[in-house]
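>>> Give me coordinates for this.
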Amino acid sequence: MDLTDIEDLVPEEFAGICGIAAPFIAYIFIGIAVLINPWFRWADHALSDLGASGIAYNNVFNFGIMVAGMAGLIFTLGIFRYAEGKAGGVGTLLFLFAMVCLILVGIFPMGTDPHYYVSVLFFVLSAIGLLMIGVDQLWGLAEPIWGVFILSALGLTLLNVALLYYTIPYELGAAIPEFVGTIPIMLFTLVWGTRLLYE
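Here you go, the predicted model:
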């Protein structure tokens, strides 16, 4: 099966709905997990601390992350149709693997051996995938504005994360950089989910 034929596995409208829903699901469950765990401090902890083994109500965070990852996976299956070339197809495939890693973050919470690897892979594969998709859209010249949008969101987010680490005068926990790091992913799934629905 050619990579661009994967789009046929999921109806376009359903993939679009999943893309729009995925960040809302993640953020709502993260928000609930923060509210029911008053010990959590954004500046001192990692988001994964909310789902760590042995923590009360850890299933709230882990369940939300798994459902968001599943929605993101379905969304990604629907966007192979937008790949202009091989770079776009490979980038979309990497983003698909990132969604698998997000599901695994919930399955293997902090305190289990695979957690660190799947959580790091989620961010790394997402970033590389978005970079390749953005370059593909820019080079495709059919609608280069999509490439500009993706690369701008990714670049500004990486700049903000770097500024957080180099301007805050104390050791910052991972939660805020992690949350900022999800912004280009959130924008991408929201905007391209809408694109799937209405184009």
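>>> Tell me the spacing between residue 196 and residue 76.
11 Å (Cβ to Cβ, to the nearest Å). All C-beta spots, glycine's among them, are computed from the backbone N, C-alpha and C.
>>> So which of those two has more stuff around it?
Between residue 196 and residue 76, counted using other Cβ atoms under 10 Å, the more crowded position is residue 76 (27 against 24).
>>> can you pull the contacts of residue 127?
Contacts of residue 127 were listed using Cβ atoms under 8 Å, 6 or more residues apart in numbering, and they are 154, 158, 184.
>>> Identify the residue spatially nearest to residue 96, adjacent ones excluded.
residue 76 (4.4 Å; Cβ to Cβ, 6 or more residues apart in numbering).
>>> Need the pLDDT of the one you found.
Listed pLDDT for residue 76 reads 95.
>>> how much space between it and residue 99?
Residue 76 is 6 Å from residue 99, by Cβ to Cβ.
>>> any idea of the mean pLDDT in the helix or strand hosting residue 89?
According to DSSP states H and E, residue 89 maps onto helix 86-107. Per-residue pLDDT values across helix 86-107 average out to 93.
>>> With stretch 156-165 instead?
Across stretch 156-165, the per-residue pLDDT values average to 68.
>>> Averaging pLDDT per element, find the lowest-scoring helix or strand in the protein.
Least confident helix or strand of the chain, by mean pLDDT, DSSP states H and E, is helix 144-167 with a mean of 69.
>>> Tell me which helix or strand comes right after it.
helix 175-181.
>>> List the buried residues for that next one?
175-178, 180-181 (16 or more other Cβ atoms under 10 Å).
>>> again with stretch 18-38
18-23, 25-26, 29-30, 33-34, 37.
>>> Tell me the predicted confidence for the residue lying closest to residue 178 once chain neighbours are set aside.
In this structure, residue 178 finds its nearest non-sequential neighbour in residue 47, 5.0 Å apart by Cβ to Cβ, 6+ apart. pLDDT recorded at residue 47 is 92.
>>> what about residue 47, how many neighbours?
Residue 47 has 25 nearby residues by other Cβ under 10 Å.
>>> Also the one 5 residues further on?
One way to gauge burial is a neighbour count; for residue 52, by other Cβ under 10 Å, it gives 17.
>>> Give the buried residues for the lengthiest helix in the chain.
Longest helix of the chain, by residue count under DSSP state H: helix 115-140. The neighbour-count check on helix 115-140 (16+ other Cβ under 10 Å) flags 115, 118-119, 121-123, 125-138, 140 as buried.
>>> Could you tell me the angle between that helix and helix 86-107?
Interaxial angle, helix 115-140 versus helix 86-107 (axes from the mean of the first three to the mean of the last three Cα atoms, to 10 degrees): 160 degrees.
>>> Thanks a lot, catch you later.
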